[in-house]
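J.: Sharing a model prediction with you, sequence too.
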Amino acid sequence: MNIFAQWRLRQVINASGKMTALGATAVAPEVAEALARGAQEYVVMDELLAAAGERIARATGAEAAVPTIGAAAGIAIATAACVAGTDLAAIEALPDSLGRPNEVVLPKGHSVHFGASITQMIRLGGGKPVEAGHTNLVTAAHLECAITDRTVALFYCKSHHAVQKGMPGLPEIIAIGRRHGLPVVVDAAAEEDLRRYVSMGADLVIYSGGKAIGGPTSGFICGRRDLVKACAMQYAGVGRAMKVSKEAIAGLLTAIDLYERKDVHAAAQRDKARMEWLVDQLNQIPGLKARLIQDEAGREIYRASVAVLPEAGITAAEMVRRLECSNPAIYTRNHQLNLGIINIDPRPLLPGQEEVILARFREILEEVQA
């Protein structure tokens, strides 16, 4: 039985993605076992944080790393490190920066809301967000003009939430950071390549442990040794409110072990085949038009994109409402809902759940058209 049913909660089929709102990831049995064992034993937390940092650094190719409770906490902690460094008085004063330089420059198209605001996470770390350029156009000149003697870092968000066109690429931002002697912080929360951004020259890179890696609610920051040391010291300040548990670290490190052995390309191709089957089946239902699409941010993720046509007799928004009110509740990816399009992400689907989704689409249209 679904463990949440005992509290009278509906079963959920997650076709949305590894979304925090739906619990991010259904972890592998090995990760679940690590969580249980970690929760039942004791450890010196400083020693665990150091050992975890070493393991994560090896996985990412970074000089050093530190675990966090999630990517959002990673943004706040990384900001705090850039503002306060290793100065204990400054660390304990945050989010009041005590008049220290605290500006974090980011492209305006990267100032996104992911369930909370990226700029709020920067403020939690004592930073002052400075949005450069425009929502749909940011150039190197915009970034250069936004840099002052109060700037402590440049920030880059690699996410499907961010504007994908008219933004500077990370190599360009890193080059600007180098010219001005500023660290470049990358939010790579849901990214699958754990080495890419460090190898490109980013100074701090933030990942979620509960997204592509398949771990529990967790995350980490990796990058330059001096900056990571400053990140770790924030646990004596604002990071204390974001402390990561021993069981979450045990689960995260186990998930990293599994992830390193995983054939990501083969898994993506299996998911693609599932979605190709679903697209074919959905196209046989009058009122629906489905196609296979690739992830907006260029990741090797293939989703079923379903357009609800006028002849369906129902809007896409009403279709989503009925899917979510079902039991099991079916949650889809709805970033294009205003265009009448529902997307289905295969990654979080358990075996056979695409068949349940297909059946529910059919049932809803039969109810509407009866």
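T.: Perfect, thanks for sending it. Because the structure is a prediction, the values reported are computed rather than measured. Numbers count the residues shown, from 1 in each chain.
J.: could you pull out the strands for the stretch 101-250 of the chain?
T.: 103-107, 128-132, 151-157, 184-187, 204-208, 219-223 (DSSP state E, counting those that start in this stretch).
J.: right, so of these, which gets closest to K18?
T.: With Cβ to Cβ as the criterion, K18 lies closest to strand 204-208 of those, at 8.1 Å. (Glycine included, C-beta is placed from N, CA and C.)
J.: Adjacent strands (with direction) for the closest one?
T.: strand 184-187 (parallel), strand 219-223 (antiparallel) (DSSP bridges).
J.: Show me which residues of it are buried.
T.: L204, V205, I206, Y207, S208 (16 or more other Cβ atoms under 10 Å).
J.: Please verify my assumption that the second one contacts A188.
T.: Yes - judged on Cβ atoms under 8 Å, V205 makes contact with A188 at a distance of 5.4 Å.
J.: re the thing from before, next, format the buried residues of strand 204-208 as JSON lines and append pLDDT and distance to I285.
T.: JSON lines is the format used below for those (pLDDT from 0 to 100; distance: Cβ to Cβ, whole Å):
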{"residue": "L204", "pLDDT": "98", "distance to I285": "47"}
{"residue": "V205", "pLDDT": "98", "distance to I285": "43"}
{"residue": "I206", "pLDDT": "98", "distance to I285": "41"}
{"residue": "Y207", "pLDDT": "98", "distance to I285": "39"}
{"residue": "S208", "pLDDT": "96", "distance to I285": "35"}
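J.: now those residues as TSV including distance to E131?
T.: Compiled in TSV, those are given as follows (distance: Cβ to Cβ, whole Å):
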residue	distance to E131
L204	20
V205	21
I206	19
Y207	24
S208	23
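J.: mind listing the helices for the stretch 201-350 of the chain?
T.: 225-233, 246-261, 264-282, 316-324 (DSSP state H, counting those that start in this stretch).
J.: Turn those helices into a markdown table, including distance to A89, mean neighbour count and mean pLDDT.
T.: A markdown table is the format used below for those (distance: least, Cβ to Cβ, whole Å; neighbours: other Cβ atoms under 10 Å; pLDDT from 0 to 100):
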| stretch | distance to A89 | mean neighbour count | mean pLDDT |
| --- | --- | --- | --- |
| helix 225-233 | 12 | 21 | 98 |
| helix 246-261 | 29 | 21 | 96 |
| helix 264-282 | 44 | 16 | 93 |
| helix 316-324 | 49 | 17 | 96 |
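J.: pLDDT score for the residue nearest to V279 when sequence neighbours are not counted?
T.: The shortest distance from V279 to any non-neighbouring residue, by Cβ to Cβ, 6 or more residues apart in numbering, is to A290 (4.3 Å). Turning to A290, the model gives it a pLDDT of 96.
J.: Quick one: neighbours of A290, just the number.
T.: A290 sits with 22 neighbouring residues when counted by other Cβ atoms under 10 Å.
J.: next one: the one 5 residues further on
T.: With neighbours defined by other Cβ under 10 Å, the count for D295 comes to 17.
J.: OK, contacts around the nearest residue to it once chain neighbours are set aside?
T.: Spatially, and ignoring its direct neighbours in sequence, D295 is nearest to I301 (3.9 Å; Cβ to Cβ, 6+ apart). Residues in contact with I301 (Cβ atoms under 8 Å, 6 or more residues apart in numbering) are A268, D271, Q294, D295, D345, R347.
J.: how about the fourth one, what does it touch?
T.: Which is D295. H160, I301, Y302, R303.
J.: now the last one
T.: Each residue near R347 by Cβ under 8 Å, 6+ apart is listed here: G17, K18, D271, I301.
J.: Compute the distance between it and A28, please.
T.: As judged by Cβ to Cβ, to the nearest Å, R347 and A28 stand 13 Å apart.
J.: same thing with the fourth one?
T.: Shown here: D295 relative to A28, a distance of 22 Å by Cβ to Cβ.
J.: picking that back up, quick one: the strands paired with strand 204-208 as TSV, columns for distance to G125, mean neighbour count and mean pLDDT too.
T.: Output for the strands paired with strand 204-208, formatted as TSV (distance: least, Cβ to Cβ, whole Å; neighbours: other Cβ under 10 Å; pLDDT from 0 to 100):
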stretch	distance to G125	mean neighbour count	mean pLDDT
strand 184-187	10	27	98
strand 219-223	12	30	98
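J.: Throw those into JSON lines and include distance to G53, thanks.
T.: Listed next are these as JSON lines, based on distance: least, Cβ to Cβ, whole Å:
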{"stretch": "strand 184-187", "distance to G53": "17"}
{"stretch": "strand 219-223", "distance to G53": "8"}
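J.: Now for L288: which residues touch it?
T.: Contacts of L288 (Cβ under 8 Å, 6+ apart): L282, V306, A307, V308, L309, A312, F361, L365.
J.: Kindly provide the distance from it to P310.
T.: 12 Å.
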